[in-house]
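S.K.: using only what follows, build the 3D model:
(2 chains)
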Amino acid sequence: MVYLDLLREYGDLFWSGFRTTLGVSVVSLLGSLILGTLIAGLRMFPYAPVAAVGRAYVEFVRNIPLLLIAFFFYFGLAPFHINLDEIVAGTLALTIYTAAFIAEAIRAGIHSLPKGQWEAGYATGLSYAQILRYVILPQAFRLVLPPLGNQFVNLVKNSSILSLIAGPELLYQGEAIANATFKTLPVYTLVAAFYLLLTIPLSQFVRYLEKRLSGKEFVLEGGEAA
Amino acid sequence: METWLEALQPAHLNFLLQGFRITLEVALISIALSYAIGIVLGATRYLDVPGLATLFAVAVETLRNLPILYLLIFARFVLPTLGIRLDPFWSAVVGLTAFEAAMISEIVRAGLASVDREQIEAATASGLTRLQILRYIALPQALVRMIPPTVSQFISLLKDTSLAVAISLPELMHNAQIIYNGDPVRYVLPILATTAVLYFSVNFLLSQIAHVLERRLLRT
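M.R.: Got it, this is the predicted structure:
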C-alpha cells in the first residue's frame, strides 16, 4: 500500500509541514485580528483624515497579491540589510494581508447593527465607550464570527505561499517528498488530504455558524432590520 | 533616485507590461471558463439532479478548500503522471479555473436561492417544469445578481495569477522577479513598487465598478 508506505517513511516530514501550516495560520490569525481591529477603528474614526488612513490601508492591501507582500518581506528588505527568516516573512505577509479583510468584516458587523441600539444606550445614560463595550461589540462579535472563520480557512490555504519563499510548510514538504520518491500522485493526494483535514471541518463549522447566527436577533422593534 | 530611474528603464517596464498582459490573458480566460462551468455546476445542484448534484457538491467542496497554489502545482506537475501534459499557460488556466468554477457555482446557487419563492410557486402553478423555471425565471434574475460577486472573483483571480510563478508562467510577478534578480539590492524595491501599482490600479478600478453595480442592483 503506497500511501501507508509513504506515511511510514515520510510521516515525520508530513507532520512537521502540517504543524508549520497550522502554526503559521494560528499566529497570523491572532496577529491579523489585532491589526484588523486597529485598522477597523481607524477606518471608523470620527476625524476624516484618520479614517482615510484606515481606508487607504484596506484598499491598497486588498488589491495587491499576497505573494507580492511576501516577496517584499523576504526579498525587499535586502537594501536595508534585513534578512527575515522564511517563516517570519511569510507570517508577517499573511498577517498584513488578512488584517485588511478582517478590518472590513468588523466594520461591516458594526455597521449592520440598528441605530436604535446606540440611541437606546444613550437614553439609558451609558457613555460612548460603555455602549461600545456592553451593547455593540458583543452583538457585532457574533455577526463577525462567521467571516472570521472564513478568514481562518483562507489563512490555512494561503499559508501555502510560504513554499515559494522556502518556508517548510505542508506543500513545501510535499514537494520535497515527491522529488525524493517520484511517487508524485500519491504524495500530492496525501498533501490534499492534510489540507482538507483542516479546511473542510472549519468551513462546515463556519456554515453552521452562519445559519445559527443569521441575524434573527437583530430585527428589533423600532430599529431598522439588519 | 538614480537607482529608481535605472531600475525603471524602458526595457524593464516593457518586460513588466508583457508579464501583465499574460496575467490579464490568463485571468480573462479563466473567469470566462469558470463562469460557464460554475453556472452548469450551480444549476445542476439547484435542480438536485440525482447523483450528479451530490458528485458536484463533493467536487466543489474539495476544490474550494484546497490552496490555489496546490491546484496550480497539481495541474503542472501531477497531471502529467496521469498522461495529461499542459504548458505553464494552460496549467495556470486549468488550476485557476478549477478553483474559481467552484467558487462561482456557489455564487450561482446563492443567486438562484435568492429568487422569491412566490415567483417559483406561481410558475409551478402555471404548469412550468423545473427546467423551464430555471431557464426563464430563476437564472435570468440570478445572473444579474451575480455580476458584483463575479467582479470580486475576477479581482481575486488577477491577484492569484501571481501564484503561477511556481510553474514558471511568465506573468507579471515572474517577470518582476527576473528583473530584480539582476541586481537585487538596487532593483527589488522599485520593481516591487511598480508591480504593486500595476496590480492595484486595475483591481481598484474593478472594485469601484463592483461597488457601483452593487448599489445599482440593490436599488431595483
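S.K.: could I get the pLDDT score of A:Lys216?
M.R.: In the predicted model, A:Lys216 carries a pLDDT score of 52.
S.K.: sorry, that was for A:Ala140
M.R.: On pLDDT, A:Ala140 comes in at 84.
S.K.: give me the element it is part of.
M.R.: helix A:137-158 (DSSP states H and E).
S.K.: contact residues of chain A facing chain B?
M.R.: For chain A, the contact set with chain B under CB under 8 Å from any CB of the partner chain comprises A:59-60, A:62-68, A:71-72, A:75-76, A:78-79, A:153, A:157-161, A:163-164, A:171, A:175, A:178, A:184-185, A:188, A:191-192, A:195-196, A:199-200, A:203. C-beta here means a position set from N, CA and C on the backbone, and glycine is covered the same way.
S.K.: run the last query once more with 7 Å
M.R.: Taking CB under 7 Å from any CB of the partner chain as the contact definition, chain A meets chain B at A:59-60, A:63-65, A:67-68, A:71-72, A:75-76, A:78-79, A:157, A:160-161, A:164, A:171, A:184-185, A:188, A:191-192, A:195-196, A:199-200, A:203.
S.K.: just these: which are in helices?
M.R.: Among the residues of chain A next to chain B, DSSP state H puts A:59-60, A:67-68, A:71-72, A:157, A:171, A:184-185, A:188, A:191-192, A:195-196, A:199-200, A:203 in helices.
S.K.: quick check: mean pLDDT of the biggest helix by length in chain A?
M.R.: Ordering each helix of chain A by length in residues (DSSP H) puts helix A:2-43 first. Average pLDDT, helix A:2-43: 96.
S.K.: same check, this time on stretch A:165-182
M.R.: 96.
S.K.: quick check: A:Asn158 vs A:Asn150, distance?
M.R.: Plainly put, A:Asn158 is 12 Å away from A:Asn150 if you go by CB to CB, to the nearest Å.
S.K.: hang on, the earlier thing: next, the angle from the longest helix of chain A to helix A:137-158.
M.R.: Orientation check (axes from the mean of the first three to the mean of the last three CA atoms, to 10 degrees): helix A:2-43 against helix A:137-158 gives 140 degrees.
S.K.: what's the helix holding A:Ala140 packed up against?
M.R.: Contacts defined by 3 or more CB pairs under 7 Å, 6 or more residues apart in numbering or on different chains; DSSP states H and E place helix A:137-158 against helix A:2-43, helix A:86-111, helix A:184-212.
S.K.: so how far is it off the chain centroid?
M.R.: The chain centroid and the centroid of helix A:137-158 are separated by 7 Å under CA atoms, centre = their mean, to the nearest Å.
S.K.: what separation do you get for the nearest residue to A:Leu155 once chain neighbours are set aside and B:Gly127?
M.R.: Excluding its sequence neighbours, the residue lying closest to A:Leu155 (CB to CB, 6 or more residues apart in numbering or on different chains) is A:Ser25, at 4.3 Å. Distance, A:Ser25 to B:Gly127, using CB to CB: 53 Å.
S.K.: A:Asn158 and A:Asn150: which is more packed in?
M.R.: Using other CB atoms under 10 Å in any protein chain shown as the criterion, A:Asn158 and A:Asn150 rank with A:Asn158 on top: 25 against 18.
S.K.: give the contact list for the more buried one.
M.R.: A:Leu66, A:Leu94 (CB atoms under 7 Å, 6 or more residues apart in numbering or on different chains).
S.K.: give me the nearest residue to A:Gly41, chain neighbours excluded.
M.R.: Per CB to CB, 6+ apart, closest to A:Gly41 is A:Gly54, 7.5 Å.
S.K.: what secondary structure does the one you found sit in?
M.R.: The three-state label given to A:Gly54 by DSSP: H, G, I helix; E, B strand; the rest coil is helix.
S.K.: wait, it sits on A:Thr37?
M.R.: No. Shown here, A:Gly54 and A:Thr37 do not form a contact pair, counting by CB atoms under 7 Å, at 11.2 Å.
S.K.: ok, these two, which is more surrounded?
M.R.: More neighbours surround A:Gly54 than the other of A:Gly54 and A:Thr37, with 20 against 15 (other CB under 10 Å).
S.K.: gap between B:Leu71 and B:Ala92?
M.R.: According to CB to CB, B:Leu71 and B:Ala92 sit 10 Å apart.
S.K.: between those two, tell me which one has more neighbours.
M.R.: Between B:Leu71 and B:Ala92, counting by other CB under 10 Å, B:Ala92 is the more crowded of the two (30 against 24).
S.K.: can you pull the pLDDT of that one?
M.R.: Predicted confidence (pLDDT) for B:Ala92: 98.
S.K.: hang on, the earlier thing: please say which of A:Ser25 and B:Gly127 ends up with more neighbours.
M.R.: A:Ser25 (24 against 7).
S.K.: show me what contacts that one?
M.R.: Residues near A:Ser25 by CB under 7 Å, 6+ apart: A:Phe152, A:Leu155, A:Val156, A:Ser159.
S.K.: for B:Glu214, same thing?
M.R.: Counting by CB under 7 Å, 6+ apart, B:Glu214 touches B:Pro148.
S.K.: mind listing what's buried in the helix or strand it falls within?
M.R.: Using DSSP H and E, B:Glu214 falls within helix B:184-219. By neighbour count on 16 or more other CB atoms under 10 Å in any protein chain shown, the buried set for helix B:184-219 is B:186-196, B:198-200, B:202-204, B:206-207, B:210, B:214.
S.K.: check stretch B:39-51 too.
M.R.: Result for stretch B:39-51 [16+ other CB under 10 Å]: buried residues B:Ile39, B:Leu41, B:Gly42, B:Ala43, B:Thr44, B:Arg45, B:Tyr46, B:Leu47.
S.K.: tell me the one of those residues nearest chain A?
M.R.: B:Arg45 (14.8 Å; CB to the nearest CB).
S.K.: hang on, the closest one packs against B:Leu52?
M.R.: No. Between B:Arg45 and B:Leu52 there is no contact under CB under 7 Å: 8.4 Å.
S.K.: what segments of chain B are helices?
M.R.: Under DSSP H, chain B gives helices at B:2-7, B:10-47, B:52-64, B:68-73, B:88-113, B:117-125, B:130-133, B:139-160, B:172-181, B:184-219.
S.K.: for the shortest one, list the C-alpha coordinates in CSV.
M.R.: What follows is helix B:130-133 as a C-alpha-only set of coordinates in CSV (Å, rounded to 0.1, in the frame of the first residue of the first chain):
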residue,chain,number,x,y,z
ARG,B,130,-38.4,22.8,-13.1
LEU,B,131,-36.1,23.3,-16.0
GLN,B,132,-38.3,25.9,-17.6
ILE,B,133,-38.5,27.7,-14.2
